[in-house]
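**Q** Output the structure for:
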Amino acid sequence: MMTATIRPDKPLVWLHGAVKSPPFSREARLEAGFLLRCLQRGEKLGLPQSRPMPNIGGRCHELRIVDERVSWRIVYRVDADAILILAVFRKQTQQTPREVIEACRKRIQDYDS
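**A** From the prediction side, this is the model:
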C-alpha cells in the first residue's frame, strides 16, 4: 500500500508591503491571494503571472497582477521553508525602479544574516 506524503504549505514571510483593498481592487486582491497560495503549495509559476528577477537575487521573482487601471508587482523569493515577500508596489514604468531593487536586496541581506 502506497501512502501519499502531504507537504505542509510554506508560510508567507512578509518583509515588506501588504495586499489589501484599497488600494488593490477586490479582484486583484483575490488574484494575488490565489497566486500566493499556489506558491505556498510548491507550484512553479511562469509568464504571464510570474517572471524571474535575477537582478535582485537567486530564486527571486515578481508576481504580475493587472488591476482595473493599475499593474501591481509582488517581489518574492522562494526558500526551502518559506515564501519571502520582499516588496509590493504599483508598476508605473517599463523597468522595475532601482530603489525597489536595492530595497529588496537589502531586505534579503538582513533576513539571511
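**Q** Report the buried residues of stretch 46-61.
**A** 50, 53, 56-57, 59-61 (16 or more other Cβ atoms under 10 Å). Quick note: C-beta positions are derived from backbone N, CA and C, even for glycine.
**Q** Start and end of that stretch, how far apart?
**A** End-to-end span of stretch 46-61 (Cα to Cα, to the nearest Å): 9 Å.
**Q** how near is the spatially most central residue of the chain to R69?
**A** When Cα atoms, centre = their mean is applied to the chain, the residue found nearest the centroid is Y76 (3.6 Å). Separation of Y76 from R69 (Cβ to Cβ, to the nearest Å) stands at 24 Å.
**Q** L30 now?
**A** Taking Cβ to Cβ, one finds L30 at 17 Å from R69.
**Q** Looking at the two, which one has more neighbours?
**A** Using other Cβ atoms under 10 Å as the criterion, L30 and R69 rank with L30 on top: 14 against 6.
**Q** Using the three-state scheme, assign that one.
**A** helix (DSSP: H, G, I helix; E, B strand; the rest coil).
**Q** Tell me which residues touch it, please.
**A** For L30, the contact set (Cβ atoms under 8 Å, 6 or more residues apart in numbering) is empty.
**Q** CA atoms only: put stretch 9-29 into CSV for me.
**A** What follows is stretch 9-29, C-alpha atoms only, in CSV (Å, rounded to 0.1, in the frame of the first residue of the first chain):
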residue,chain,number,x,y,z
ASP,A,9,2.1,24.7,2.8
LYS,A,10,5.1,27.1,3.0
PRO,A,11,4.4,30.1,5.2
LEU,A,12,4.5,33.6,3.7
VAL,A,13,7.1,35.8,5.4
TRP,A,14,6.1,39.4,4.8
LEU,A,15,9.3,41.5,4.9
HIS,A,16,7.6,44.5,3.3
GLY,A,17,4.2,45.5,1.9
ALA,A,18,0.7,44.2,2.0
VAL,A,19,-2.1,43.1,-0.3
LYS,A,20,-5.4,44.7,0.8
SER,A,21,-8.3,46.6,-0.6
PRO,A,22,-7.8,49.5,-1.1
PRO,A,23,-5.5,50.2,-2.9
PHE,A,24,-5.9,46.8,-4.6
SER,A,25,-9.4,46.2,-6.1
ARG,A,26,-11.2,43.2,-4.7
GLU,A,27,-10.5,41.2,-7.9
ALA,A,28,-6.8,42.0,-7.9
ARG,A,29,-6.5,41.1,-4.1
